[in-house]
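1. coords please:
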Amino acid sequence: MAVLLQLVDAHKSYGHQALLDGAEVTITDAHKVGFVGRNGAGKSTLCRVLLGDEELDKGEVVRHPKLRLGYLRQHDPFAPGETVLEFLMRDSGQPDWRCGEVAGRFELKGPLLDGPIQKLSGGWQTRVKLAALLLHDPNLLLLDEPTNFLDLRTQILLEHFLREFRQACLIVSHDRAFLGATCTQTLELSRGKLTMFAGPIDAFLINQAERRDHDQRVNAAVEAKRKQLETFIDKNRARASTASRARSKGRQLERLQSVEVAGEEPTVRMRAPQVEARKGPALRCSELAIGYPEHEVASDIQVEIEHGSRVAIVGDNGQGKTTFLRTVVSSLEPLAGQIRWGYGCDIGVYAQHVYTSLTENRTVLEQLEYVAAPGTKSQVLLDLAGSFLFRGEHVQKPIKVLSGGERARLCLAGLLLSQHNILVLDEPGNHLDVDTVESLAEALIDYQGTVIFTSHDRHFMKRVATSVVEVRAGRVVNYRGDYDSYLYYVNKEIDDGERELGAKTAPAGPTKGAAPRVDRKERGQKQRETRKELAALERNIAKLDERRRELSAQLLKSTDPAEALRLHTEITAIASELKPIEERWCELQELAEAEEV
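-> Now for the predicted structure:
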């Protein structure tokens, strides 16, 4: 296991804010690492430091001599009029057959491969950049928010690519589903420190909560013991017969220490508008055609949305999701047909890039005063600002100095000030960190009104959506299944396409009857070895599981802080030891099933 990149005693500050404060981390060639942290914690700054675009105030970045760092470029490196194939050949120096082979893994073939890049949507252009990245043969990929604005199909293709990629990755993302599908370890940046966790994002979040709960239980036990000792000392130190025992208890009291519990970082607390639940159709589209005078996007749209539903608008980029939303909220005129909202519908809209239209000279508080209903009390605005992490002097910050995530939070705060009973949200989770997206999901689930939304965050979609409308191939229709069934459908379609591509590019097999007896012998030997290793792993898993259960039972009964801490440390170590063993067991089980076919 080679060390590709190492950060040693790193310090980096902007003004009074310390983004890195003695941070250290080691990236090896064996892992794909998900990089998480709050908005403004310094993740993008650290990426620029690792790329060499920024310098540390203090500390060192140690790079392996053979490090080949691949970075997913955010700018467009394409030449005017260049085709996909021409760009890939120019950028990588690889022959056309190799470029076509790699491009095919991202469904870039036929007219797409030979057509001009400028005519492709943003999602397809990202696929071109990914193909170019792979052609450079990097041994460490650095991806900063790769799923922002990517459609579901491109996200899944990117996941497939990363799972097959045999080198290391460092992926900055707020998308829990994407990180869970691609990363085996989790790196957190918090309060200037970097912490590596030997497990994926969901296990990291569970461990984080369990560690905090455990430390709080240990501290509660310590506090109870402290009170017991103090009571004994107060009662007995004045008596000659018990004074020596009181002094002994005093020494015990001095040695008693609580575990330092890292305080939870402030979390956005969203509260959806309080509206009255309604029944019946909220929106009805009849024979609707949408698009632009020179280009029709979709036609013959017959869609009905019920009050109280939370409708996910799904489809690939460029198919017309945003066009459909813009049309139903009257920011774009329909080409034909009718749009009818139910009686008493009050519509609030959050659009992509809405935060870029804020008046930059206003302060946070002035913006909230501007969008609030007349007569809203100042304390209400201050309380709302505080729940969105604009506290104290931060409410006087001018908008021009806010980050993208802070601006997005401010726009959502303004929207939730209202009493809209219909919310139309176009990519509301972009630029928001994991905890803020989770808070938004909770607020929308509690909301009694109707939500129509798009998102590329699958965890958010699965939590919030109660029904699905699909935009595809010039049609907009109510999808018959739920979001899980839509995910299954897209995954199956991609898997079928990859199998078809693999069949076309696979080398010719041996002629009929050419399989020698030795192949069957070797196959039998491999099956026996697989079964033998599976049995050994199962014995090891059972042994570790039994030990973990014993330790957990002891932890529940323990009142000694030092003992509780020791037990917790051993349980955590066993969990870390179990994970790779269980993953290997799953791999071998799949292999054994495939060998038996």
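
2. I figured L56 hits V49, correct?
-> Yes. With contact defined as Cβ atoms under 8 Å, L56 counts as touching V49 (6.0 Å). From N, CA and C alone the C-beta is placed, and that goes for glycine too.

3. Comparing the two, which residue is more hemmed in?
-> For L56 versus V49, neighbours defined as other Cβ atoms under 10 Å are more numerous around V49 (21 against 18).

4. I figured that one hits H11, correct?
-> No. At 10.8 Å, V49 does not count as touching H11 under the criterion of Cβ under 8 Å.

5. Which neighbours do the two have in common?
-> 20, 56 (Cβ atoms under 8 Å, 6 or more residues apart in numbering).

6. Can you check which residues contact both of L56 and V49?
-> Counting by Cβ under 8 Å, 6+ apart, the residues touching both L56 and V49 are 10, 12, 20.

7. Quick check: bridge partners of the last one?
-> Residues found in beta-bridge contact with L20 (criterion: DSSP bridges) are K12.

8. ok, it - contacts?
-> 10-13, 42, 45-46, 49, 56, 59, 192, 194.

9. got these as TSV, with pLDDT and distance to G180 columns?
-> Listed next are the contacts of L20 as TSV, based on pLDDT from 0 to 100; distance: Cβ to Cβ, whole Å:
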residue	pLDDT	distance to G180
A10	92	28
H11	93	32
K12	91	29
S13	88	33
G42	83	23
T45	87	25
L46	89	22
V49	90	27
L56	91	31
G59	92	31
G192	88	26
L194	92	20
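
10. Most neighbours among those residues, which one?
-> For the contacts of L20, neighbours tallied by other Cβ under 10 Å; top is L46, 28 neighbours.

11. Following element in sequence after the helix or strand where that one lies, please.
-> Per DSSP states H and E: L46 is located in helix 43-51. Next helix or strand after helix 43-51 toward the C-terminus (DSSP H and E): strand 58-63.

12. next one: that following strand to chain centre, how far?
-> Centre-to-centre, strand 58-63 and its host chain are 28 Å apart (Cα atoms, centre = their mean, to the nearest Å).

13. Which neighbouring elements make contact with that strand?
-> strand 3-14, strand 17-28 (3 or more Cβ pairs under 8 Å, 6 or more residues apart in numbering; DSSP states H and E).

14. outside of the helix holding L46, which residues touch it?
-> By Cβ under 8 Å, 6+ apart, helix 43-51 touches 5, 7, 10, 12, 14, 19-20, 23, 35-37, 54-56, 61, 69, 71, 142, 144, 170, 172, 189.

15. Is there a quick PyMOL command that grabs whichever of the residues you listed are buried?
-> Those of those that count as buried under 16 or more other Cβ atoms under 10 Å are selected in PyMOL with:
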select buried, resi 5+7+10+12+19+20+23+35+36+37+56+61+69+71+142+144+170+172+189
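
16. Give me the pLDDT for W97.
-> On pLDDT, W97 comes in at 92.

17. how about low-confidence regions in the protein?
-> 1, 73-75, 149, 258-266, 352-356, 497-525, 555-559, 561-562, 564-565, 589-597 (pLDDT under 70).

18. do you know how far the residue nearest the centre of it is from G100?
-> Closest to where the C-alpha atoms of the chain average out (Cα atoms, centre = their mean) is D175, at 1.6 Å. The gap separating D175 from G100 is 30 Å, by Cβ to Cβ, to the nearest Å.

19. ditto for S286
-> Per Cβ to Cβ, S286 is found 45 Å from G100.

20. Ok, E54 next?
-> To G100, E54 is 37 Å away according to Cβ to Cβ.
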